[in-house]
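Peer 1: this one's structure only:
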């Protein structure tokens, strides 16, 4: 499988007019190799060039991982003296004949540390953005990837189900977030979860990306829990909103509106539909209810080995959905200084529609 992925990448590079691409530790490198490396102070770079064996520059202490590669590579190892590292990168460039060529980079992942070492070895090369070619590589998930994501969703749901009985008025957002992280681990999530859970209540829940605070849960709060798990490197990303004790009727109303918007978004996705249409479907529900200005973000984003990746479900994205694409549906209404609501699910495009990976009840639940 990974050999096929490598072949797909080299074909994409040729189509994009790139002579090579450089990858440091991250989702794309793991996707291509099945081998996990960590970002650290010692640079690691894989050079991939069409019609040549890939070249990997890495520290000597990581050399045993070379045996894990599913295809032939040339490893160039360096020791612990930083002044000698540039020689390893210069050798890699010379091996592939890349100086003066077009070497693609992954801007959201490649650090200045690795880039400077490569550029020292290939000062005459151009370094164009290879994001499009790399995104296309991981855009459509195969059966094995989808099953890993389905497992990540189940782990996340089971973890929150185990946490709900522990939610009490008076506990802090931070305490609740910590308990949820423990439950994610107990239920089988990878040690590296996709993101720290967003647990926000009352006025804090009106901030879509709030961080848990020492604020205590109070009766009348809406409680937003945005969380996810990882399984074999694949992510889930879900949100459910709860009522803490008795809440005002308006908050019950906006929760119902957001549920309907979420349902409209899930129902709209299918092959050949532009991402924009899915965003518009959720947005229309909220706008018709009179709360349009309080829906302040896109409807969703792609998900897979990263929590946020292509395709992006926003109103200007005319990219067409295709089978295997996975993304979130997460409309929300946020009333400043009062309360917020978001309901989020993970879906995968099928031949006829979408497979909704998450099935935790979306209806409002009272806790505390």
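Peer 2: Cool, the structure landed. No experiment lies behind these values; they were computed from the predicted model shown. Numbers count the residues shown, from 1 in each chain.

Peer 1: Which neighbouring elements make contact with the helix or strand bottoming out on mean pLDDT in the chain?
Peer 2: The helix or strand of the chain with the lowest confidence, counting by mean pLDDT, DSSP states H and E, is helix 131-138 at a mean of 90. With contacts defined as 3 or more CB pairs under 8 Å, 6 or more residues apart in numbering; DSSP states H and E, helix 131-138 has these neighbours: helix 2-16, helix 27-33, strand 309-313. Yep, even glycine has a C-beta here, placed from its N, CA and C like the rest.

Peer 1: Need the contact partners of the last one.
Peer 2: Translated: strand 309-313. 27, 135, 138-139, 265, 275, 278-279, 298-303, 317, 319, 321, 325, 327-329 (CB atoms under 8 Å, 6 or more residues apart in numbering).

Peer 1: With the first one instead?
Peer 2: Applying CB under 8 Å, 6+ apart, the external contacts of helix 2-16 come out as 19-21, 31-34, 48-51, 54, 70-71, 104, 130, 132-134, 136-137.

Peer 1: can you check stretch 284-299 too?
Peer 2: So stretch 284-299 is contacted by 208, 254, 257-258, 260-261, 264-265, 278-279, 282-283, 312-315, 329-335 (CB under 8 Å, 6+ apart).

Peer 1: Tell me how this protein divides into domains.
Peer 2: 2-138, 143-367 (automatic domain parsing).

Peer 1: looking at those, which is buried most?
Peer 2: domain 143-367 (a mean of 19; mean count of other CB atoms under 10 Å).

Peer 1: Skip the chain neighbours and tell me the closest residue to the spatially most central residue of the chain.
Peer 2: Nearest to the geometric centre of the chain sits residue 307, at 1.3 Å (CA atoms, centre = their mean). Spatial nearest neighbour of residue 307, excluding adjacent residues (CB to CB, 6 or more residues apart in numbering): residue 194 at 4.3 Å.

Peer 1: Now that neighbour. Its backbone dihedrals?
Peer 2: The phi/psi pair for residue 194 (degrees, to the nearest 10) reads phi -60, psi -40.

Peer 1: so residue 152 touches residue 233, yeah?
Peer 2: No. The criterion here is CB atoms under 8 Å, and residue 152 misses it with residue 233 at 9.3 Å.

Peer 1: thinking again about what came up before, A strand includes the residue nearest to the centre of the chain, no?
Peer 2: No. According to DSSP: H, G, I helix; E, B strand; the rest coil, residue 307 belongs to no strand; its state is coil.

Peer 1: how far away is it from residue 233?
Peer 2: 12 Å (CB to CB, to the nearest Å).

Peer 1: Would you check that residue 342 makes contact with residue 259?
Peer 2: No. Using CB under 8 Å, residue 342 makes no contact with residue 259, being 10.7 Å away.

Peer 1: quick one: residue 171 from residue 199, how far?
Peer 2: 10 Å.

Peer 1: Same question for residue 336.
Peer 2: For residue 336, the distance to residue 199 - CB to CB - is 19 Å.

Peer 1: One more: residue 356?
Peer 2: 24 Å.

Peer 1: Cool, thanks, talk later.
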